[in-house]
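*Asks:* Okay, predicted coordinates and the sequence, questions at the end:
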Amino acid sequence: MDFKHRDEIFRTSLPGRVVQNAVGKDSAIASAKMTVSYCRYCADSGPMAPHNHAEESVVVLDCARAYVKWGSGPDSLEHQQWLCPGDIMHFPDLEWHVFGYDEGGFLDALCIYGQVTNIRPEEISGIQE
C-alpha cells in the first residue's frame, strides 16, 4: 500500500484553483490507471473559467457558499447547484462546467478520473465535441 498525508502532497497554483496531484501520472502516488487530485477553489486563486475535459467525478470535502454551474457551452451554463460537504458530482466527457463561490466562500474537493492520459480536451482522442 502507498500512503500519503494530504499535507505532504505538493501544491500547484493554477488559474482558479490550487491542485494537489495525489494519485496518477506525475503524482505523489503513481498509477497508470486513475487520477485523483485534491483541488481548492477560493479567492486566493482567482476566478475559474468554464472548462471541459474527460469524464470526472468530484466529491465535496468541505465548502462554504460554493456552487457548480454546468451546461451546453462556456457561455451557456444553464444549471446551477449550491454545494454541501459530502455531495458528489459526475461530469460526462466534455460537459462544460465551472466552480464558484460567493464572497468569503471556498470549495475543497476530491477530483477523480478513470484514466491518466487524455484528460484535457486537447488530449482526448475519439471523443467528439
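*Replies:* Now that the structure is in, tell me what you want to look at. Residues are numbered from 1 along each chain as shown.

*Asks:* so the residue positioned nearest the centre of the chain is in which element?
*Replies:* For the chain, the residue nearest the mean C-alpha position is Cys111 (4.7 Å; Cα atoms, centre = their mean). Here Cys111 sits within strand 96-113, counting by DSSP states H and E.

*Asks:* list the buried ones in that strand?
*Replies:* 96-101, 105-113 (16 or more other Cβ atoms under 10 Å). No exception for glycine: its C-beta is placed from N, CA and C like everyone else's.

*Asks:* can you give me the helices in this protein?
*Replies:* Applying DSSP state H to the chain gives no helices.

*Asks:* hang on, the earlier thing: between the buried residues of strand 96-113, which is nearest Val36?
*Replies:* Distances from Val36 to the buried residues of strand 96-113, taken as Cβ to Cβ, are shortest for Ile112 (5.3 Å).

*Asks:* quick one, what contacts the closest residue to the closest one other than its chain neighbours?
*Replies:* Excluding the flanking residues, the one nearest Ile112 by Cβ to Cβ, 6 or more residues apart in numbering is Ser57, at 4.6 Å. Each residue near Ser57 by Cβ atoms under 8 Å, 6 or more residues apart in numbering is listed here: 88-91, 111-112.

*Asks:* between those residues, which is nearest Asn52?
*Replies:* Phe91 (8.0 Å).

*Asks:* Distance check, the residue lying closest to the closest one once chain neighbours are set aside against Arg11.
*Replies:* Distance criterion Cβ to Cβ, 6+ apart; nearest residue to Phe91, sequence neighbours excluded, is Glu56 at 4.8 Å. To Arg11, Glu56 is 20 Å away according to Cβ to Cβ, to the nearest Å.

*Asks:* The two: which is more packed in?
*Replies:* The neighbour count for Glu56 versus Arg11, taken as other Cβ atoms under 10 Å, is higher for Glu56 (20 against 12).

*Asks:* Can you verify my assumption that that one contacts Ile88?
*Replies:* No: the pair Glu56 / Ile88 is not scored as a contact, 11.0 Å apart, by Cβ atoms under 8 Å.
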